[in-house]
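Undergrad: need a 3D model of the following:
(2 chains)
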Amino acid sequence: MLGSLDARIPAGSLEAKWTDRKFSMRLVSPNNKRRFDVIVVGSGLAGASAAASLGELGYRVKVLTYHDSPRRAHSIAAQGGINAAKNYQNDGDSVFRLFYDTIKGGDYRSREANVYRLAEVSVDIIDQATAQGVPFAREYGGLLDNRSFGGAQVSRTFYARGQTGQQLLLGAYSALMRQVAAGTVELHTRSEMLELVMHEGRAVGVVTRDLIDGEITAHSAHAVVLATGGYGNVYFLSTNAKMCNVTAAWRAHRKGALFANPCYTQIHPTCIPASDDFQSKLTLMSESLRNDGRIWVPTAHDDGRAPDEIPDADRDYFLERKYPAFGNLVPRDVASRNAKGVVDEGRGVGPRRNGVYLDFSDAMAHDGEAVIRAKYGNLFDMYERITGENPYRVPMRIYPATHYTMGGLWVDYELMSNVPGLFVLGEANFSDHGANRLGASALMQGLADGYFILPYTIGNYLSDFLGDPALDTSEPVFADAEQAVADDVSRWLSIGGTRSVDHYHRELGKLVWDYIGMARTKTGLEKALSEIPALREEYLRNVRVLGSADTLNQSLEKAGRVADLFELAELMARDALAREESCGGHFREEHQTEEGEARRDDQNFAHVAAWEWSGEGAAPTRHCEELEFENVELTQRSYK
Amino acid sequence: MSSEINLTLQVWRQDGPLAEGRFATYEASGISIDASFLEMLDIVNERLIESGEAPIVFESDCREGICGTCGLMINGQAHGPQKGTATCQLHMRSFNDGDHITIEPWRATSFPVLRDLAVDRRAMDAIIAAGGYISVNTGAAPDANLTPVPKETADPAFDAAACIGCGACVAACPNSAAQLFTAAKVQHLNLLPQGQAQRWARTEAMVETMEAFFGSCTNHGECEEACPKEIPIDFIAWTNRDYIKAKVKNRKLAG
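TA: Below is the predicted model of the structure:
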């Protein structure tokens, strides 16, 4: 089936790898670029930046998104910021330090070469975004401001109030719309990719379904770029937008693209705890709040007093106590696990005892309410709207929730999957964050991939096909793929069961949260592997999808997405079971230190696990890509 | 713990862009006041599906008030009764037991109804494509700190940039003008030093594209009231000023 996994990492010193590769890659000359068709699926930071940049270069680009406008993509919801090794603060930052922090933060489960390149191009992203008019926060002198973020001891995070993702996406979207106006990019909104089309082992196109009238269309191209985000909604409750799903990536996986490290999921420490059973999603409160907020719970179990009645002596600032060097700014996985620990002990707060306090009273006493309002005003307002509580007066209540998925389709150094012609960018790939992503690194990676990496590497692939037209959509491979989509649509409509798609999605989410959530055990994962397929079987037999195929039908859209999440959930459990160690967001209770910290097994697991689809009902095959560390020493992460 | 309320909903149902619409009445009983407005609709939809009736189509995505996907006319108000709040952030504690709630899609000729409460807002993207950008190719940018931007400029630019493109301004406007949206987009870029090179061409193109799709602004101010990001209509005034200047400058009369 599959040859060896070649990540195509350049030889040479860490600092020279990307420069050397850029020089050695083949180019497509300016007047030849217009002979190449590229499909970009997804219009978030990675997709929009890639499509805009490819359009500027002169490629013929087609952007497909299921949103009504590219600007809706979920990158828009990122709050906190974007890292870059500018060292504008003169506090000792450098490309190497950003590289080091990121690889350490990822618990040494990412590629050195990729992470170094990410740190290297981070500085260009800030320049590009600023030139586009992204209104980053500024000092009174008019220069750019920075703040610190979890897992770092320097201030390298650029931010735009609490709406950094929104502003960066609007920047990329404006660049994209400029290319749409220029005619280099053809934009298809409300078009959902449902199949990857393969020909002679290469990706040659996709099939979409129009969400308004149900029309099924084949699109052909020389290369296909997936920038379709992560799979956090496998938990049902997550901070992801409601429509986020794994379908594009999963359909590619079913066509042969390897899915890497699916068990690496990130549980973000600062979200608003669930208030009721009908909760439809969880809302993140930016990690930047940990700069000024102090996290605590009562020292005593089941302390029923209001927070302002609990004196300092009866409070446990557990992160500051356990990690004096980083305090409330430990990385996300560490903060989340510790919050779970104190809640499990019975020291949780709030009506459901399912949260910990994030308290700003000290910061307000120190800096004044106005300063806090200027920094976090919109976040405080959002909190109040959701909970009905005023965080200027009462400490916020927070609890971890699924936020980001580090796993994704396997890609090599040039961001191409093992399927030639299929590139994967942003959260949809597995690349740069290892087992845990640091705050403010997702925006950086999405834009690095789209603006500064893919535009170089795609040419290296395309140059082989100069003079070859894209395959005609009258070829049988396209008709077959269209038929597969049509069959799938009719299947959902003909089941005629009794429960809604959302019902099953919610039930799936509970299983995944219980067994493949913040702490995992062999027993739990084995249960997941029997209960998930059983629920899936019921889903396929008993789901009720009303309405027809030729109109806007949201149940129908969701039915296919949830089916893919079921299959993914099973793979997550397999991956988590096979990885007999704890690392980053993957915490196996059997593998911890005496102090309850994650214990890695570098001897046996310093590798990427990339899974190959083996067909319906068959066990997938696990491939390994060994990770070589030449520039950092693998140590147990310590944030004390 | 949370208390529950019972509501009667009058919801606009329309099977497709060309189909005739109608109001349908649904009882929404036992709704927790901690539910968001959209979670209330989720519950109603679950019950509809159980009873074999097609669920109400409404759009939403982030449910954090930032993506701009959601947007409903609630009792005749765009995004409902709470000021500065998108539909997804509205919670049922804003309503009382026994309330009748009328729920309609955005009403504007330039936003055709697709189904039930979902509308087509592509005309807003056309305004951006007309000039809502700074022309800088990837890789062509100078160092970000090369040009200082005074806070007095950066802050209002940000206030304008906060627009989420939901279309509430259009829905609230008696003329169905997208003037607040357009002005916010124009001023975000026109205020910044980076945006000066294309200031006049941008203003003219975006305003005129807006006029081609939407009604004209006659300064009612309803848009500001409805805006979930509370974007002030000052930006409209500034855009009108820029538009007049642009008309002069773009005729090359100013040398």
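Undergrad: every contact and neighbour count from this point should use C-alpha atoms.
TA: Fine.
Undergrad: can you tell me which residues contact the spatially closest residue to B:D15 that is not a sequence neighbour?
TA: Residue nearest to B:D15 in three dimensions, not counting chain neighbours: B:R115, with 5.4 Å by Cα to Cα, 6 or more residues apart in numbering or on different chains. Going by Cα atoms under 8 Å, 6 or more residues apart in numbering or on different chains, B:R115 touches A:L552, B:R13, B:Q14, B:D15, B:G16, B:P17, B:V57.
Undergrad: mind doing that once more with 6 Å?
TA: By Cα atoms under 6 Å, 6 or more residues apart in numbering or on different chains, the residues touching B:R115 are B:Q14, B:D15, B:G16.
Undergrad: just list what the helix or strand that contains B:I103 packs against, helices and strands only.
TA: Here B:I103, judged by DSSP states H and E, is contained in strand B:100-104. Applying 3 or more Cα pairs under 6 Å, 6 or more residues apart in numbering or on different chains; DSSP states H and E, one finds that strand B:100-104 contacts strand B:4-13, strand B:73-74.
Undergrad: isn't A:S110 right up against A:N436?
TA: No - when contacts are counted by Cα atoms under 6 Å, A:S110 is not listed as touching A:N436 (9.5 Å).
Undergrad: of those two, who's got more company?
TA: Between A:S110 and A:N436, counting by other Cα atoms under 10 Å in any protein chain shown, A:N436 is the more crowded of the two (32 against 26).
Undergrad: about what we covered before: any idea of the pLDDT on the residue nearest to B:D15?
TA: For B:R115, the pLDDT comes out at 98.
Undergrad: what about the helices in the stretch 51-200 of chain B?
TA: In the stretch 51-200 of chain B, the helices defined using DSSP state H, counting those that start in this stretch lie at B:122-129, B:151-161, B:168-172, B:179-191, B:199-213.
Undergrad: now mean neighbour count and mean pLDDT too, for those, in a markdown table please.
TA: Below are those laid out as a markdown table (neighbours: other Cα atoms under 10 Å in any protein chain shown; pLDDT from 0 to 100):
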| stretch | mean neighbour count | mean pLDDT |
| --- | --- | --- |
| helix B:122-129 | 20 | 98 |
| helix B:151-161 | 20 | 95 |
| helix B:168-172 | 28 | 98 |
| helix B:179-191 | 27 | 98 |
| helix B:199-213 | 20 | 97 |
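Undergrad: for A:E557, see how far away the residue nearest to B:D15 is.
TA: B:R115 is 15 Å from A:E557, where distance means Cα to Cα, to the nearest Å.
Undergrad: again, but for A:H301
TA: In terms of Cα to Cα, A:H301 sits 46 Å off from A:E557.
Undergrad: returning to what we had before: which one of the helices of the stretch 51-200 of chain B lies closest to A:T405?
TA: A:T405 lies closest to helix B:151-161 among the helices of the stretch 51-200 of chain B, at 28.8 Å (Cα to Cα).
Undergrad: helices or strands up against the closest one?
TA: helix B:179-191.
Undergrad: ok, now which ones touch A:Q166?
TA: A:Q166 neighbours (Cα under 6 Å, 6+ apart): A:I76.
Undergrad: and it, that one's in a helix?
TA: Yes - per DSSP: H, G, I helix; E, B strand; the rest coil, A:Q166 lies within a helix segment.
Undergrad: what are the phi and psi values for A:L422?
TA: phi -110, psi 110 (degrees, to the nearest 10).
Undergrad: so A:E625, which of the three states?
TA: Looking at A:E625 with three-state DSSP, the answer is strand.
Undergrad: count the neighbours of it for me.
TA: Considering only other Cα under 10 Å, A:E625 is surrounded by 17 other residues.
Undergrad: enumerate the beta-bridge partners assigned to it.
TA: For A:E625, the beta-bridge partners are A:V608 (DSSP bridges).
Undergrad: swap in A:N429?
TA: Counting by DSSP bridges, A:N429 is bridged to A:L409.
Undergrad: that one against A:M406, yeah?
TA: No - using Cα under 6 Å, A:N429 is not in contact with A:M406, being 7.9 Å away.
Undergrad: chain A contacts on the stretch 151-255 of chain B?
TA: B:K151, B:F158 (Cα under 6 Å from any Cα of the partner chain).
Undergrad: if we use 8 Å, what do you get?
TA: Residues of the stretch 151-255 of chain B lying near chain A by Cα under 8 Å from any Cα of the partner chain: B:K151, B:A154, B:A157, B:F158, B:A161, B:A162, B:H188, B:L189, B:L192, B:Q194, B:G195.
Undergrad: reformat those residues as TSV; add distance to A:C263.
TA: Below are these laid out as TSV (distance: Cα to Cα, whole Å):
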residue	distance to A:C263
B:K151	44
B:A154	42
B:A157	42
B:F158	38
B:A161	37
B:A162	36
B:H188	41
B:L189	42
B:L192	44
B:Q194	43
B:G195	44
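Undergrad: about what we covered before: and the residue nearest to B:D15, how close does it get to B:A130?
TA: Counting by Cα to Cα - B:R115 and B:A130 are separated by 28 Å.
Undergrad: next one: B:T8
TA: Taking Cα to Cα, one finds B:T8 at 43 Å from B:A130.
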